[in-house]
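K.L.:
Sequence first, predicted coordinates after that:
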Amino acid sequence: MAKFRTCNDASFFRRQKYGLVLKYTACIGDAEIEDNVAKIPLNRDDGSDKLILQFRFYKNGAIRVTVDEAQPLRPRYSIPEGDVLEKNIEGYRITVVKQSASAMILKLYDSELSVVSQPFTAKISCAGQTVFSLNSYNFFRIECYRKKSYMSQQNVTGLQPGKRKASDSTEDEPPLKKSKSKDGSKNLKPTVELNQGLWEEDYQGVVDSKPYGPSSIGADVVFVGFQHLYGLPEHALRLSLDNTEMSSPIKLYNADHYGYAVGSTMSLYGNVPAVIAHSPDITVGFMWLNASETWVSISKETWVSISKQEKTRNERPQVMTHWVSESGVMDMFFMPGPSPWDIFKQYADLTGKSTLPPLFALGYHQCRWNYDDEADVRSVDARLEEQQIPYDVIWLDIEHTDGKRYFTWDKAKFPDPKALINDLARKGHKVVTIVDPHIKKDPDYYIFREGTEKGYFIKDFTGKDCVGECWPGDSCWLDYTNPEVRDYWASQFSLEKYQGSTLQLHIWNDMNEPSIFGNPDTTMTKDAVHYKGWEHRDLHNVYGMYQQMATYKGLLDRSSGKERPFVLSRSFFAGSQRWGAVWTGDNVASWEHLKLSMPMLMTLNLFGINLCGTDVGGFEGEPTAELLTRWYQTAAYQPFFREHSTKGSKRREPYLQPPEHLEAIRQAIYARYRLLPYWYTLFYEAEIHCRPVIRPLWVEFPKEEQTFTVEDCFMIGNALLVHPVTTAAAKSVEVYCPGEKELWYDVDSNLALNGGQRHEVAVTLKKTPVFQRGGTIIPRKAKIQLSSELMKDDPVILYIGLDSQGAACGTLYIDDGHSFDYKSGNYLYLEYSFKEDRIECRVNSCNYKPQSSVNKMYIVGMEKRPVSATLVQESASTELQLTYNSGTKCLTLPVMEVPVWKPWTIQLNYNS
């Protein structure tokens, strides 16, 4: 049974949460300001610790705040620039508004950073309103590295829980705390001894040697004027994060958490240590860039401002967060927005943009643990084809290897893998194989032998190669934090080294938290040693991202940089959006987990990790036919669409389901493939404009407070609202359609619903409520084939939903679907518009000319039937046939056959 540490099991958390209040003074008179950087000495009031506080301003409006030791006994870990953060982020010169010995004000665009010397606090205001406050509650604390003899003499006995208070500020706007945070205290005794675990820590028989002693960091960050906080993926939590006052704080420590519980604050497989605070007036973001074990407490309270001059008291809502990490530099990023779109751009400027995946990645993926052999794979392929069910990828789990030695094949089960891959490729299908980070301890296995000889494995604290248990038995782990090891790993994917592979084979990195059976948190011991002597405790949360990064490089190199890689990773961190896809791990076959998929995936998309999904049907457990069907219908409208299940579970391929469920699943997959042009366009625009692909309703309707907690439906881009059916035996669902002036068209009936209202929508087994937003134009494929590759030249249909003003617009992006040629401009980007009875296709870029055409249009929301429609293309006019349904107000313009890459206009005429 896995052992997961709680906050009370972590001595560094106990010291940060319940230790003595420490006061710090910012020596503003000694500040050094040059260009976009301000450095200020920051000293503990008892004189024991000397720190350096640094502010860095960026051109995108973000403000970076770092705190490090001035003269440390050993350096603190900071993630190398370019690995998570983008290199050479453009700075912006600091403007000093005011400076004295006790305070200073620095300006960046409409934001002002105010720093108070004693006790040290900092506030950031936008348009005159405070939105961030740092250290208002005196939770700021850094445990500087000490010699053991010094630390053993210190009095670290704690106070009673809840004894801290907000600082006694002398400013005009002092923060007064209305309620006391009690995160994690429910299992603590009234007085907590804090002098345990400083230099050695034992958890359930596993000893952490802690040779460098305590080095934790902590700080409070208050979001002033906000009630809603989003983020901290990946957790099984609500979209709008709840208070953690009466539960445990949220844990960020990547772990193999099989069958995780809904509502748990415990860590899962990956994390992004960032949040977004949103109100009707402004949106702001914050990132705590730290790769060690981290805990985040959340308390929703009231910010009180008192003006001495005006003798007034003003109360505003606030969200107080307390961030605690075990080690490393304190590195914080404040993103002032002010809109959601600004936050997405600011975050992408810092951590990188998501990359356009190959088109096949957006199709349907068929997987299980495990497809037994080549005959099994061919049978699945044949039966899907027989039932006319399209798919793009079939996956092979660990049993395809020779004794779980990755980059090998079980020759008895897969005697000719290259022939199998090539046969599937002729139908437009790809193969994905699993390649995990644990390397079987076998001197006859070339990866183990070479890793040992080159010293590439992570070491234990004694200097020996770290050995633990995973699927192959005794295993070692390559140290992907070492650039040389990443290059070595990448080289293993060459077609010459990875025997049996082709360019049509792609990769799945699983178990890369890393997962180690029997250890606390099912992962590596914290005193294991990495490249340059860093401990695993310092960098744990970036390990899996480094493996995905190296795998991505390997697939890129094998095609000489021409082909877009596809890499799925279970573990991730901030910046993982640059390297491929992720999924939510070992979920459960339950209605609760189906519902949970929506807030989990929306939260990932808020931080650029757009290509994400869940295991359809649940990895663990046996779904009923109804649950499986509803899961397919939900996942068909989520970015990464893969059915997967655990070893020993019943086979659940679509063709094995009862007839009516099979048909419902088939139609759900068809809906996915029809929308591929829209999905692909959204992923291109996500890379260019840093927009999430699926979105909470509040992103599109930021002033509509009714949307701020909605998590049972979501937007795909700006045009589609999806409300999946997530309860058993449902006959109807209640759908909230946002926007008082909006129109929402049922994609099945074309009937319009008014925005700003809740609607009862009848459902059947085949019905998933999906609505097109008025004012949008969506491209869809006209017919379905067995893979996206076979459909690439098929015609496109335009679905036009008119808004209340009778207008609409949309875009379509097309390239070759697999290469990086689009980076050189070889793509087609079209803009469609409908206004004043005129439909226009404007070519924004046309360096790629596909064979497909636009052959039909549906226009919904037409109040009356035009007399005629005239197509004008290259000065030639053609009269089009049209049909009109007065009941649904739908106009159909059929059989146009206009090359998709050519500009054209259509004029609707109402006079004969």
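P.N.:
Happy to help now that I have it.
K.L.:
any low-confidence regions in the stretch 151-300 of the chain?
P.N.:
Within the stretch 151-300 of the chain, the segments meeting pLDDT under 70 span 151-193.
K.L.:
hey, where'd the strands end up in it?
P.N.:
Counting by DSSP state E, counting those that start in this stretch, the stretch 151-300 of the chain forms strands over residues 201-203, 206-208, 217-224, 228-231, 250-252, 274-278, 283-288, 294-307, given from the N-terminal end onward.
K.L.:
Mind listing the strands the helix or strand that the longest one is followed by pairs with, and their directions?
P.N.:
Pointing back at strand 294-307 there. Next in sequence after strand 294-307, counting helices and strands by DSSP states H and E, comes strand 312-325. Partners of strand 312-325 in the sheet, by DSSP bridges, are strand 217-224 (antiparallel), strand 294-307 (antiparallel).
K.L.:
Correct me if wrong: residue 613 contacts residue 601.
P.N.:
Yes: when contacts are counted by Cβ atoms under 8 Å, residue 613 is listed as touching residue 601 (6.9 Å). C-beta coordinates here come from the backbone N, C-alpha and C atoms, glycine included.
K.L.:
So for those two, which residue has more residues nearby?
P.N.:
Between residue 613 and residue 601, counted using other Cβ atoms under 10 Å, the more crowded position is residue 601 (29 against 22).
K.L.:
My assumption is that that one lies in a strand; please confirm.
P.N.:
No: when classified by DSSP: H, G, I helix; E, B strand; the rest coil, residue 601 is found to be helix rather than part of a strand.
K.L.:
chain center to stretch 820-836, what's the gap?
P.N.:
In this view, stretch 820-836 has its centroid 26 Å away from the chain centroid, taken as Cα atoms, centre = their mean, to the nearest Å.
K.L.:
Contacts made by it with the rest, please.
P.N.:
Applying Cβ atoms under 8 Å, 6 or more residues apart in numbering, the set of residues contacting stretch 820-836 from outside is 356, 561-564, 684, 777, 798, 800, 802, 806-816, 839-850, 859, 900-901.
K.L.:
The residues you listed in helices, which ones?
P.N.:
Filtering those for membership in helices, criterion DSSP state H, returns residue 684.
K.L.:
for stretch 497-510, what is the average pLDDT?
P.N.:
Averaging the model's pLDDT scores along stretch 497-510 yields 98.
K.L.:
Start and end of that stretch, how far apart?
P.N.:
21 Å (Cα to Cα, to the nearest Å).
K.L.:
before we move on, what about stretch 850-867?
P.N.:
This stretch, stretch 850-867, spans 33 Å end to end (Cα to Cα).
K.L.:
and if you look at stretch 5-17?
P.N.:
Using Cα to Cα, the end-to-end distance of stretch 5-17 comes out at 16 Å.
K.L.:
Which among the strands paired with strand 312-325 is found nearest to residue 248?
P.N.:
strand 294-307 (8.3 Å; Cβ to Cβ).
K.L.:
in the closest one, what counts as buried?
P.N.:
By neighbour count with 16 or more other Cβ atoms under 10 Å, strand 294-307 contains the buried residues 294, 295, 296, 297, 298, 299, 300, 301, 303, 304, 305, 306.
K.L.:
Contact partners for residue 30?
P.N.:
Going by Cβ under 8 Å, 6+ apart, residue 30 touches 40, 41.
K.L.:
quick one: which helix or strand includes the nearest residue to residue 880 once chain neighbours are set aside?
P.N.:
Nearest residue to residue 880, sequence neighbours excluded (Cβ to Cβ, 6 or more residues apart in numbering): residue 869, at 4.4 Å. Secondary structure here is read from DSSP H and E; on that basis residue 869 sits in strand 868-873.
K.L.:
And for that strand, what's in contact with it?
P.N.:
Under the criterion Cβ under 8 Å, 6+ apart, external residues in contact with strand 868-873 comprise 877-880, 882, 893, 896, 898, 902-909, 912.
K.L.:
Return the alpha-carbon coordinates of the helix or strand just after that strand using PDB.
P.N.:
Using DSSP H and E, the helix or strand that follows strand 868-873 towards the C-terminus is strand 876-880. This file holds the C-alpha atoms of strand 876-880, laid out as PDB (Å, rounded to 0.1, in the frame of the first residue of the first chain):
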ATOM      1  CA  ALA A 876     -16.800  34.900 -61.800                       C
ATOM      2  CA  SER A 877     -20.400  34.700 -60.400                       C
ATOM      3  CA  THR A 878     -22.300  31.600 -59.800                       C
ATOM      4  CA  GLU A 879     -25.900  31.300 -58.500                       C
ATOM      5  CA  LEU A 880     -26.200  28.700 -55.700                       C
END
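K.L.:
Against which helices or strands is the helix or strand following strand 876-880 packed?
P.N.:
Following the chain from strand 876-880 toward its C-terminal end, the next helix or strand by DSSP H and E is strand 883-885. Judged by 3 or more Cβ pairs under 8 Å, 6 or more residues apart in numbering; DSSP states H and E, the packing partners of strand 883-885 are strand 890-893.
K.L.:
quick one: buried residues of the strand it packs on?
P.N.:
By neighbour count, with 16+ other Cβ under 10 Å as the criterion, the buried positions of strand 890-893 are 890, 891, 893.
K.L.:
Show me what that strand is in contact with.
P.N.:
Around strand 890-893, the neighbours that count as contacts under Cβ under 8 Å, 6+ apart are 750, 856-860, 862, 865-866, 869, 880-885, 906, 908.
K.L.:
buried subset of those residues?
P.N.:
When the contacts of strand 890-893 are checked for burial by 16+ other Cβ under 10 Å, the buried set is 750, 856, 857, 858, 859, 860, 862, 866, 869, 882, 906, 908.
K.L.:
helix or strand for the third one, which one?
P.N.:
Looking back up the chat, that one is residue 857. Following DSSP H and E, the helix or strand that holds residue 857 is strand 853-860.
K.L.:
Neighbouring strands - and their directions - for that strand?
P.N.:
Under the criterion DSSP bridges, the sheet neighbours of strand 853-860 are strand 796-801 (parallel), strand 890-893 (antiparallel), strand 898-899 (antiparallel).
K.L.:
where among those strands is the average confidence lowest?
P.N.:
Comparing mean pLDDT across these, the lowest value falls on strand 898-899: a mean of 93.
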